[in-house]
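*Asks:* fold the stuff below for me.
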Amino acid sequence: MTWLRVLLVTLVVLALPEMASATIGKVLSVKQGAELVRDGKAVRLRQGMEISSGDMVVTNSSGVVQLLFADETKIAVGPNARMMLDVTMLRGKRRAKSFAVQALGGSFRFISGNSRKRAYSVTTPSATMAVRGTIFDMWIASDRQSAMIVLEGTVQMCGRQGVCRSARRQCSMYATSSGGGVGSPVDQEQYAKAVAAGFPFVTSEQQLLPPFQAGAEGCGRESQVVPTVAPERSEPRPAPRQAQAPSAPTPTAAPPGEETHEPEEEREEEREEEREEEREEEREEEPTAEPNTEERDTGNTPDGDAAFDGGDRERD
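*Replies:* Numbers count the residues shown, from 1 in each chain. Presented below is the predicted three-dimensional model:
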């Protein structure tokens, strides 16, 4: 029986690399000029290629990649982009236990899938985004500045100073400033320049497959510009989840025409949704117990307006 034990151990060892690089998604569409970096080796991306955790997707000035993940999350990667993926799927492979995206440069569209809101983590060199059932576009203009346009749902952007802004209105744009704060474009000209320079999927969705389209082409119109807001006070980044219900954000800190807090019934629906998600996750995998609370929304508290520096856009 010794030979049988040796054989079993050998099979387990051989299976470890495959387990470590378990498939988390696939390439639905790719335009020439994109490659995948895995374990330090770059290969040309092809339609139908499987994506694994730890992979980096890189595009040049003409590359566009559209990715579909096992939990129905979708990411479109635009030109001159770099993105690292760190995803852990639950045993049932219908949801992610953690879904971390590092957007290091370029333009992206992010469409959240079936995973819990708190599973998602989207970071850039200058910002962190909290996702709540969302479609939004990102532009990493430089290591000092990132910008986002919300197309559906709610996204909270936090800068390096810990100041956060939440966007709920379609076509709202926020960006990090060189000092680490978060603000909105100073005027229509800045808004239009940013859209033209860094948001190719807002300018035109024709290059995207239907599931990746969001009807965003109207965001370039003057009527959709986010109002300029005078600086008021800065609130810190939300504290880690605690075992009590969060308080509502201060309503006086919001831009004109934008909601500052969620109605209590909406907050209760979100809490119930999270409880149901946790129960379903327990059925799929034995999770580590964690408090059942929702992440605090700090509201729309600007530290000023954001001037766009343009960044390094070209990389062949």
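
*Asks:* residue ranges of the helices in the stretch 1-150 of the chain, please?
*Replies:* With DSSP state H, counting those that start in this stretch as the criterion, the stretch 1-150 of the chain has helices at 2-20.

*Asks:* which regions of it lie under the pLDDT threshold?
*Replies:* 1-21 (pLDDT under 70).

*Asks:* how much space between the spatially closest residue to residue 71 that is not a sequence neighbour and residue 137?
*Replies:* Distances taken as Cβ to Cβ, 6 or more residues apart in numbering place residue 113 nearest to residue 71, at 4.2 Å, with adjacent residues excluded. Quick note: C-beta positions are derived from backbone N, CA and C, even for glycine. Counting by Cβ to Cβ, to the nearest Å, the gap between residue 113 and residue 137 amounts to 17 Å.

*Asks:* the more surrounded of the two?
*Replies:* residue 137 (25 against 20; other Cβ atoms under 10 Å).

*Asks:* surely that one and residue 108 touch.
*Replies:* Yes: between residue 137 and residue 108 a contact is recorded at 6.7 Å, counting by Cβ atoms under 8 Å.

*Asks:* quick check: the residue nearest to residue 71 touching residue 74?
*Replies:* Yes: taking contacts as Cβ under 8 Å, residue 113 lies within contact range of residue 74: 7.1 Å.

*Asks:* what ranges does the stretch 1-150 of the chain have for its strands?
*Replies:* For the stretch 1-150 of the chain, the strands defined by DSSP state E, counting those that start in this stretch occupy 23-31, 34-38, 41-44, 50-52, 56-59, 64-69, 74-77, 82-89, 96-111, 120-123, 127-140, 146-159.

*Asks:* ends of stretch 80-100, how far apart?
*Replies:* 20 Å (Cα to Cα, to the nearest Å).

*Asks:* buried ones in that stretch?
*Replies:* Judged by neighbour count (16 or more other Cβ atoms under 10 Å), stretch 80-100 contains these buried residues: 80-85, 87, 89-90, 95-100.

*Asks:* farthest-separated two in those residues?
*Replies:* Spanning the widest gap among the buried residues of stretch 80-100 are 80 and 90, at 33.7 Å by Cβ to Cβ.

*Asks:* distance between the ends of stretch 209-217?
*Replies:* For stretch 209-217, the end-to-end distance is 15 Å (Cα to Cα).

*Asks:* gap between residue 83 and residue 108?
*Replies:* Taken as Cβ to Cβ, the span from residue 83 to residue 108 is 7 Å.

*Asks:* list residues touching both of the two?
*Replies:* Each of 75, 77 lies in contact with both residue 83 and residue 108 under the rule Cβ atoms under 8 Å, 6 or more residues apart in numbering.

*Asks:* list the buried residues in stretch 162-176.
*Replies:* Across stretch 162-176, burial judged by 16+ other Cβ under 10 Å covers 162-168, 170-176.

*Asks:* look at residue 153 and say how many residues are nearby.
*Replies:* By other Cβ under 10 Å, the residues close to residue 153 number 17.

*Asks:* grab the nearest non-local neighbour of residue 104.
*Replies:* That would be residue 82: by Cβ to Cβ, 6+ apart, it lies 4.1 Å from residue 104.

*Asks:* check residue 211 too.
*Replies:* Excluding the flanking residues, the one nearest residue 211 by Cβ to Cβ, 6+ apart is residue 74, at 6.2 Å.

*Asks:* wait, that neighbour touches residue 213, no?
*Replies:* No: counting by Cβ under 8 Å, residue 74 stays clear of residue 213, with 10.4 Å between them.

*Asks:* quick one: end-to-end distance for stretch 180-200.
*Replies:* 25 Å.

*Asks:* could you give me the buried positions within stretch 70-77?
*Replies:* 70, 71, 73, 74, 75, 76, 77.

*Asks:* other residues contacting it?
*Replies:* Here stretch 70-77 has contacts from 23-25, 34, 57, 59, 63-69, 83, 89, 93-96, 99, 101, 106-115, 201, 208, 211-212, using Cβ under 8 Å, 6+ apart.

*Asks:* swap in stretch 29-44?
*Replies:* By Cβ under 8 Å, 6+ apart, stretch 29-44 touches 21, 45-47, 49, 51-52, 54-66, 77, 79, 207, 209.

*Asks:* next, the buried residues of stretch 38-55.
*Replies:* Buried residues in stretch 38-55, counted by 16+ other Cβ under 10 Å: 45, 49, 51, 52, 53, 55.
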